[in-house]
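Enquirer: Structure, please.
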Amino acid sequence: MFISNRVKGLAGSVFSKFLKEAKNAKEIYPLHVGDSWLTPPKELIMENLKHSSHPHINKYAPPGGIPELREKIAELWSNKLNTNLTKNNVMIAAGATGALASALASIVDPGDEVIISAPYWPLIAGIVKSLSAKVIEAPFILDFSIQEADKTIELLEQLRTDRTRAIYINTPNNPTGKVLPKELLYKIGKWAHDRKLWIISDEVYEDLIYKGSHTSLYSLFPHNTVVAHAFSKSFGVAGYRCGFLIANDEIIKNAIKVSTYLFYSTTHPVQVAALKLLNSNFSDWIKNAVDQYREIGRYVAEQLKVPPAEGSTFLFLDLSRFLDNKTLDLLLEELAKEGVLLAPGYSFGPFDSWVRLCFTAIPPEKTKKGVDILLHKLYS
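Expert: Numbers count the residues shown, from 1 in each chain. Predicted coordinates:
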């Protein structure tokens, strides 16, 4: 029977390719996946959500999200972005993945092109391809500087065609841990604005900043920016699959229309818990998380002799000098047999000698053991 060639071309797994190699390891160190060892805030713990207090949480939530949560996000992010948002500027989605898929499906047609800053979060490339649109990689995240921002714009202009509809930017960046400076974001945003292109701004790590500060592209160019956020990273609840879009009301209206056919609505209990959280004082939890993430992130960076992450929960490592005559896959298979799992760099763009390491997925002491095994393997 026929299977779509478009779907055949998608990777079935972008992070867990070497799991089978680790099945006989004494202990597994899953440094390949972006997650958190921390217990989430009490408002997000499901056992604290009583059906007697919320008798309708077993029923469908409306497509686009429960109105109270959309209104609360509009209130809080109006203050963050120094703008005036309403619930019509907010859509609740099945994670940032569902949010970004709904937004892009509202923007691109088959054959259109989306410029993606690289290295990039791998699922964004799959989302674009699943829409029969074309991924155009723009590899500038690793080697940008404010002084050379004009070179980035020259690159983007070289990549732009009549079919270009949007540019995807992710800051703080997964996988590099870099936080793009305001000056560079402004130049990219102005370039897109002047050419009537949409900006898809992935800001799910906005709260996890260790150096400098985060600038939202929406605050600079609200009319053509669609920004994705999630509760997953800021509060350690990746498994809850609750994210949201902020954009103009036309994009939100159409993204909700698309999401109705993708996942209909986001899980109702999770939305109720998210609303409880946003009505609480959650800033102390985030500060504590950032302090702990910064500490283990710095430790891992020092051991690996690379600069520490400026934001997010990752380090992106070039292992070319350790490969000799072996491939990256062979090295990752050898590490997996010892229980250490890393994400291959080619999942994030044209980076065949690189790997991504998450320093928050497991408790710090276990992360340190995994890094010790990695270092022993690299230098033995």
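Enquirer: in this structure, which ranges drop under the pLDDT threshold?
Expert: The chain contains residues with pLDDT under 70 at 12-16, 144-147.
Enquirer: Buried residues, stretch 341-350. List them.
Expert: Using 16 or more other Cβ atoms under 10 Å as the test for burial, stretch 341-350 gives 341-349. Every C-beta, even on glycine, is put in place using the N, C-alpha and C of the backbone.
Enquirer: quick one: contacts for the spatially closest residue to His214 that is not a sequence neighbour?
Expert: Leaving aside its chain neighbours, His214 sits nearest to Glu206 (5.0 Å; criterion: Cβ to Cβ, 6 or more residues apart in numbering). Glu206 makes contacts with 172, 214, 216, 229, 234, as judged by Cβ atoms under 8 Å, 6 or more residues apart in numbering.
Enquirer: Sort out which of the residues you listed are buried, if you could.
Expert: The buried subset of the contacts of Glu206 (16+ other Cβ under 10 Å) comprises 172, 214, 216, 229, 234.
Enquirer: what's the farthest-apart pair in those?
Expert: Ser216 and Ser234 (14.0 Å; Cβ to Cβ).
Enquirer: Could you give the number of residues near Ala118?
Expert: Using other Cβ atoms under 10 Å, Ala118 has 23 other residues around it.
Enquirer: so it touches Ser347, yeah?
Expert: No: between Ala118 and Ser347 there is no contact under Cβ atoms under 8 Å: 11.2 Å.
Enquirer: Same list, the buried ones among the contacts of Glu206, but as TSV with distance to Asp284 and secondary structure please.
Expert: Below are those laid out as TSV (distance: Cβ to Cβ, whole Å; DSSP: H, G, I helix; E, B strand; the rest coil):
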residue	distance to Asp284	secondary structure
Pro172	21	coil
His214	19	coil
Ser216	22	coil
His229	20	strand
Ser234	13	helix
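Enquirer: Dump stretch 205-221 to CSV, restricted to CA.
Expert: Taking C-alpha atoms only, stretch 205-221 is exported to CSV below (Å, rounded to 0.1, in the frame of the first residue of the first chain):
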residue,chain,number,x,y,z
TYR,A,205,13.8,28.9,27.1
GLU,A,206,13.2,32.6,27.8
ASP,A,207,13.4,32.1,31.6
LEU,A,208,16.6,30.1,31.6
ILE,A,209,19.2,32.8,31.2
TYR,A,210,22.6,32.6,32.8
LYS,A,211,24.4,35.5,31.1
GLY,A,212,23.0,38.6,29.5
SER,A,213,19.3,39.0,28.9
HIS,A,214,16.6,37.7,26.7
THR,A,215,15.0,39.9,24.1
SER,A,216,11.7,38.8,22.5
LEU,A,217,11.4,39.5,18.8
TYR,A,218,7.7,40.2,19.4
SER,A,219,8.7,43.2,21.5
LEU,A,220,10.6,44.5,18.5
PHE,A,221,8.4,43.6,15.6
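Enquirer: going forward, begin numbering at 493 instead of 1
Expert: With the count now opening at 493, the last piece we talked about shows up as stretch 697-713.
Enquirer: Mind listing what's buried along that stretch?
Expert: Neighbour counts over stretch 697-713 (16+ other Cβ under 10 Å) mark 697-702, 706-713 as buried.
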